[in-house]
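Trainee: What follows is a predicted protein model with its sequence.
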Amino acid sequence: MARVVYVDNNATTRVADEVVAEMLPYFTELYGNPSSMHEFGGQVEHKIAQSRARVAALIGADPSEIVFTSCGTESDNAAIRGTLESWPDRKGIVTTRVEHPAVRNLCRHLARQGHELVEVPVDRDGRLDMDRLRQAVTENTAIVSVMWANNETGVVFPIEECSAIAHAKGAVFHTDAVQAVGKIPLNMAASTNIDLLSLSGHKLHAPKGIGVLYIRKGTRFAPFVVGGHQESGRRGGTENVPYIVGLGKACELAQANLKAERERVRRLRDRIEAGLLSSVPNSIINGEGASRLPNTASVSFEYVEGEAILLKLSKLGICASSGSACTSGSLEPSHVLRAMGVPFTAAHGSIRFSLSVYNTEEDVDFILAEVPPIIARLREISPFWKKRTAWGGTPSYCR
Amino acid sequence: MWDYTEKVKEHFDNPRNVGEVESPDGVGEVGSLACGDALRLTFKLGEDKRISEAKFQTFGCASAIASSSALTEIIKGMTLEEAERVTNQDIANYLGGLPEKKMHCSVMGREALLAAIANCRGEKAPHEESDVVCQCFGVTRKEIEEAVRLNRLRSVEQVTNYTKAGGGCGSCHEEIGRIIERVLAEQGAPEGQPARLSNIQKMKLIEKTLEREIKPALQADGGDIELIDIDGAKVLVALRGTCRACAAAEVTLKQYVEQKLRELVSPELIVEEVR
């Protein structure tokens, strides 16, 4: 493939060169076990401590509050299962309708095992219904889990307010911040109500296979992976040293670049949105009215189907993703767009462009030049475009 | 990412016969925008009562567009009676196969075709004359029965892959299960086809089927076929006699030989020609 315009950074990111360089020695010369009693292993332990401090600095936490895990999904499982185990008298779980499957499917699984689950709805722009959240949290609620930012639309939830609602009823508050960390500033020291937070390395230019669970000091927590004494007894298993080192470096880079890149990436994103809206009729920005991450654009093109768009884009080297049914392996469009009530004329034709620090103005120029003709061509094939009407009625999942 | 054949990609990139036939003799509309794919097929009959022109408009994924394109190519030149016998498997075969979860795209093609033929004859589309089993995707009993019968589907998951029925809320799964049981019972087990074949059984059965079923038919037209090798699901054959020079050889290979082997031996078989 000649040219690659990678705008699928909410799926995964390129590992930064600096990160790879920092990791490499820990595969070869510095392969010791940090738990060993010799200096050879001890030097590795020092490096892990440095990484822990770097991660903590990025989110304004204390290094002792950082637990390394294998991925975001493990962090979510550890947070939710660990809390339920610690609060056996409380049976309730409160979450949202738009969570990532790591939280959504886990909570639904737990509900089948006897927990009471409430999924709080969102409005047309993807904003959380705070009144419904307030009603849902009771004295029986063990944990409230609300994502910081949505992976599909980039919509950012008012986490401080959500966590205060949880604490008012004595519930533990967890947030899946996988999409937020490194993209917007987070400060655990300034918050008093966030007890648990999940983050994932590969969303911020560290490799796949490394995650973190932040556990606020004093939070009751039962370990999910039970084994050795690693991570102060909160997560068993020999430390994944090179990846921990890589994540530490990635967090340091993210912190240094956060402000400048946030503004630059936002400008690129805004150019994509404005450019597509003006050149492609019947296109919609999902979540436009909400507070959003600076890197994410979710654009729906009415009367065409997302997988077909993605394949045409892919042929040109443009890598994006879609909330359409055909891409998910299921037959329904994304649960996030459905929860938002995106009309079905648009839900099937949604494309997500998610940027990173590696994207350039030329990338945006290329996208703005190539996308409109693709949509026009697919609309020529579509039976609905000219008439703007549909036959066949509305399936029950749309109602 | 879906594992599409080159032929699917090619028909997606360069779809044949896009648009609408002027003053058509048959119009078929199936699927819906809400459900994620829809197909409008129009065709015209020539003076010889054969389909002289066929065009499609499709809203859907790459395999839906490719299946529609394939459908229009397949039916051109056919009489209504011939077109009626085109199955979803013919459409999938024409494209070198479709991913299992995308088979519903080929079924949509057949349904649009039947609807257009019915329209041409002034009848109601067959899928409309039946009660809806899957409310989520508006799939009727008739559609499910036919997909089960033609493709010998054995599980609810397969029915979902082929018709989308059961792919939403899941409340119709039991009903689909009953339809499968009933249709398969009516159909009876296919002759000489044990539930699961060992490799050696499969090879012997392929050989036997070629000798007894396929060769005589080809020889009747002055052609012949020779089994060269069997590699997993791939059956490598060489065409002999008049078949070698015949322009319709590939159609014969895919639509007759492969179809027959799939029917009588195993549904995953792929026939390829060795030159």
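Mentor: Received, thanks.

Trainee: all helices of chain A, in order?
Mentor: Under the criterion DSSP state H, chain A contains helices at A:17-23, A:39-59, A:72-86, A:101-112, A:130-136, A:159-168, A:241-279, A:306-315, A:325-328, A:335-340, A:344-347, A:361-381.

Trainee: does chain B sit close to the fourth one?
Mentor: No. Using C-beta under 8 Å from any C-beta of the partner chain, helix A:101-112 stays clear of chain B, coming no nearer than 13.2 Å. Any C-beta I mention is one placed from the backbone N, CA and C, and that applies to glycine too.

Trainee: buried residues in that helix?
Mentor: Within helix A:101-112, the residues scored as buried using 16 or more other C-beta atoms under 10 Å in any protein chain shown are A:Ala102, A:Val103, A:Arg104, A:Leu106, A:Cys107, A:Leu110.

Trainee: So for the second one, what's the pLDDT?
Mentor: This means A:Val103. Note on A:Val103: pLDDT of 97.

Trainee: likewise the fifth one?
Mentor: In the prediction, the pLDDT value recorded for A:Cys107 is 97.

Trainee: Strands along chain B, start to end?
Mentor: Ranges of strands in chain B, per DSSP state E, are B:26-32, B:37-45, B:51-59, B:132-134, B:139-140, B:223-231, B:234-241, B:270-273.

Trainee: Mean pLDDT and mean neighbour count added to the ones you listed, as JSON lines?
Mentor: Shown next, in JSON lines, are the strands of chain B (pLDDT from 0 to 100; neighbours: other C-beta atoms under 10 Å in any protein chain shown):
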{"stretch": "strand B:26-32", "mean pLDDT": "91", "mean neighbour count": "22"}
{"stretch": "strand B:37-45", "mean pLDDT": "94", "mean neighbour count": "25"}
{"stretch": "strand B:51-59", "mean pLDDT": "96", "mean neighbour count": "24"}
{"stretch": "strand B:132-134", "mean pLDDT": "88", "mean neighbour count": "22"}
{"stretch": "strand B:139-140", "mean pLDDT": "88", "mean neighbour count": "25"}
{"stretch": "strand B:223-231", "mean pLDDT": "86", "mean neighbour count": "15"}
{"stretch": "strand B:234-241", "mean pLDDT": "86", "mean neighbour count": "17"}
{"stretch": "strand B:270-273", "mean pLDDT": "86", "mean neighbour count": "18"}
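
Trainee: Tabulate those (TSV), appending distance to chain A.
Mentor: Below are the strands of chain B laid out as TSV (distance: least, C-beta to the nearest C-beta, whole Å):
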stretch	distance to chain A
strand B:26-32	2
strand B:37-45	4
strand B:51-59	4
strand B:132-134	9
strand B:139-140	10
strand B:223-231	29
strand B:234-241	26
strand B:270-273	23
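
Trainee: Could you export the ones you listed as TSV, including distance to A:Asn187?
Mentor: Shown next, in TSV, are the strands of chain B (distance: least, C-beta to C-beta, whole Å):
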stretch	distance to A:Asn187
strand B:26-32	48
strand B:37-45	47
strand B:51-59	47
strand B:132-134	50
strand B:139-140	52
strand B:223-231	61
strand B:234-241	60
strand B:270-273	59
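
Trainee: Skipping its backbone neighbours, what lies nearest the residue of the stretch 101-250 of chain B found nearest chain A in space?
Mentor: With C-beta to the nearest C-beta as the measure, B:Gly167 is the residue of the stretch 101-250 of chain B nearest to chain A, at 3.5 Å. Nearest in space to B:Gly167, with sequence neighbours left out and distances taken as C-beta to C-beta, 6 or more residues apart in numbering or on different chains, is A:Leu331 at 3.5 Å.

Trainee: can you pull the pLDDT of that neighbour?
Mentor: So A:Leu331 comes in at 73 (pLDDT).

Trainee: so who does it touch?
Mentor: If you count contacts by C-beta atoms under 8 Å, 6 or more residues apart in numbering or on different chains, A:Leu331 has them with A:Ala325, B:Cys35, B:Gly36, B:Phe137, B:Thr160, B:Lys164, B:Gly167, B:Gly168.

Trainee: most neighbours, which of those?
Mentor: Sorting the contacts of A:Leu331 by how many neighbours each has (other C-beta atoms under 10 Å in any protein chain shown) puts B:Cys35 first, at 31 neighbours.

Trainee: does it really touch B:Lys164, like I thought?
Mentor: Yes. The pair B:Cys35 and B:Lys164 passes the contact test of C-beta atoms under 8 Å, sitting 6.9 Å apart.

Trainee: Can you work out which residues contact both of the two?
Mentor: A:Leu331, B:Phe137.

Trainee: Around chain A, which positions in chain B sit nearby?
Mentor: Residues of chain B found near chain A (C-beta under 8 Å from any C-beta) are B:2, B:9, B:12-13, B:15, B:18, B:29-40, B:57-62, B:64-65, B:101, B:135-138, B:160, B:164, B:167-169.

Trainee: again, 6 Å this time
Mentor: B:18, B:29, B:32-36, B:40, B:57-62, B:135-137, B:164, B:167-168 (C-beta under 6 Å from any C-beta of the partner chain).

Trainee: If you tally nearby residues, what's the number for the closest residue in space to B:Asp13 that isn't next to it in sequence?
Mentor: Residue nearest to B:Asp13 in three dimensions, not counting chain neighbours: A:Lys315, with 7.5 Å by C-beta to C-beta, 6+ apart. When neighbours are counted by other C-beta under 10 Å, A:Lys315 registers 14.

Trainee: still on that earlier bit, closest one to B:Lys208 among the strands of chain B?
Mentor: Checking the strands of chain B against B:Lys208 by C-beta to C-beta gives strand B:223-231 as the closest, at 10.5 Å.

Trainee: ok, A:Tyr89 to chain B distance?
Mentor: Check again: residue A:89 is Asp, not Tyr. 33 Å (C-beta to the nearest C-beta, to the nearest Å).

Trainee: so how many other residues sit close to that residue?
Mentor: A:Asp89: 7 neighbours (other C-beta under 10 Å).

Trainee: B:Val265 and chain A, how far apart?
Mentor: Computed as C-beta to the nearest C-beta, the B:Val265 to chain A distance reads 29 Å.
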